[in-house]
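> Can you look at this prediction? I've put the sequence above it.
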Amino acid sequence: MKKTWDDVWREGESLNIFGRRLRREQAKAIKKFLPKNVKNVLDVGCGLGRTMDVFMECGLDVVGIDVSPTSIKICKSKGLNVFLMDGSKTDFENRSFDLVFSDGLLEHFEDFEPFVKEWCRIADRYVMLTQPNHFSVLGRILKSLNRHTVKEYSYRIIDFERVFKKNNFKLLKRGSYNFNEQWVLLFERI
Ligand SMILES: C[S@@+](CC[C@H](N)C(=O)[O-])C[C@H]1O[C@@H](n2cnc3c(N)ncnc32)[C@H](O)[C@@H]1O
């Protein structure tokens, strides 16, 4: 049976040498793509707060939300500003955050459109995604090994672009890291 994220966080995520490399590369990619005029960020699916740490290192105000009670408990114990909340229907007002960020969440849903719609509503200007590229050599291998054991669908950049466009956001910048196994995508309000 497939695991849930709460199962993953309860077991505890210990990073091996590859995991540590991936996190380092991800932090570099996020910092490179972060627009200069961003002051506050919402991290949707904040997990253990590792991506929140990256934004905090940049001096930004960061709020995290997640549906996993274990993730929220762990983040709170680290003093992070987090809430137990579903990223597809949040309590935030329109255009509350300069940037809405999400790492490895959309690929777990057969229909990710409700998330994108919500993020485009609450983002003032930008949405940034880090997403697995299942079409790269390493991505294919990792998908077949089923790394996280949480179910994943394979999306192309064009699949994200189509849904963001419906919500008046366009792809501003795209890049990849970890041997092209991960994408970083920055969308901007049109
Ligand atoms: C790849 S993990 C993110 C890891 C995180 N960025 C970190 O640095 O530790 C994806 C996260 O999305 C969360 N998630 C799944 N469905 C969600 C939903 N509907 N709303 C908010 N978060 C959700 C999972 O619980 C999981 O923590």
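Everything's here; your move.

> count of residues packed around the nearest residue to residue 110 once chain neighbours are set aside?
Nearest residue to residue 110, sequence neighbours excluded (CB to CB, 6 or more residues apart in numbering): residue 153, at 6.0 Å. From N, CA and C alone the C-beta is placed, and that goes for glycine too. As a burial measure, residue 153 scores 13 neighbours (other CB atoms under 10 Å).

> List the contacts of residue 153.
107, 108, 109, 110 (CB atoms under 8 Å, 6 or more residues apart in numbering).

> Need the worst-confidence member of those residues.
Within these, residue 108 has the lowest pLDDT, namely 93.

> hang on, that one packs against residue 149?
No. Assessed by CB atoms under 8 Å, residue 108 is found out of contact with residue 149, at 11.3 Å.

> now what about stretch 180-190, what contacts it?
Applying CB under 8 Å, 6+ apart, the contact partners of stretch 180-190 are 22, 25-26, 29-30, 32-33, 35, 120, 123-133, 136-139, 142, 157, 160, 164, 168-177.

> Please spell out the ChimeraX selection for the buried subset of those.
Here is the ChimeraX command that selects the buried residues among the contacts of stretch 180-190 (16 or more other CB atoms under 10 Å):
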select :22,25,26,29,30,33,120,123,125,126,127,128,129,130,131,132,133,136,138,139,142,157,160,164,169,172,176,177
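
> Looking at the contacts of stretch 180-190, which are in helices?
The members of these that map onto helices under DSSP state H are 22, 25-26, 29-30, 32-33, 120, 137-139, 142, 157, 160, 164.

> Could you break this protein into its assigned domains?
Domain assignment for the chain by automatic domain parsing gives 1-10+43-101, 129-181.

> Deepest-packed of the ones you listed, please.
Of all the domains of the chain, domain 1-10+43-101 has the most neighbours on average by mean count of other CB atoms under 10 Å, namely a mean of 18.

> Report the mean per-residue pLDDT for that domain.
The predicted model gives domain 1-10+43-101 an average pLDDT of 96.

> what does stretch 18-34 give?
The average pLDDT within stretch 18-34 is 96.

> Would that stretch count as contacting the ligand?
No. Stretch 18-34 does not reach the ligand (CB under 6 Å from any ligand atom); its nearest approach is 7.8 Å.

> what's that stretch in contact with?
By CB under 8 Å, 6+ apart, stretch 18-34 touches 13, 15, 50-51, 54-55, 57-58, 99, 101, 103, 128, 130, 173, 175, 177-178, 182, 184, 186.
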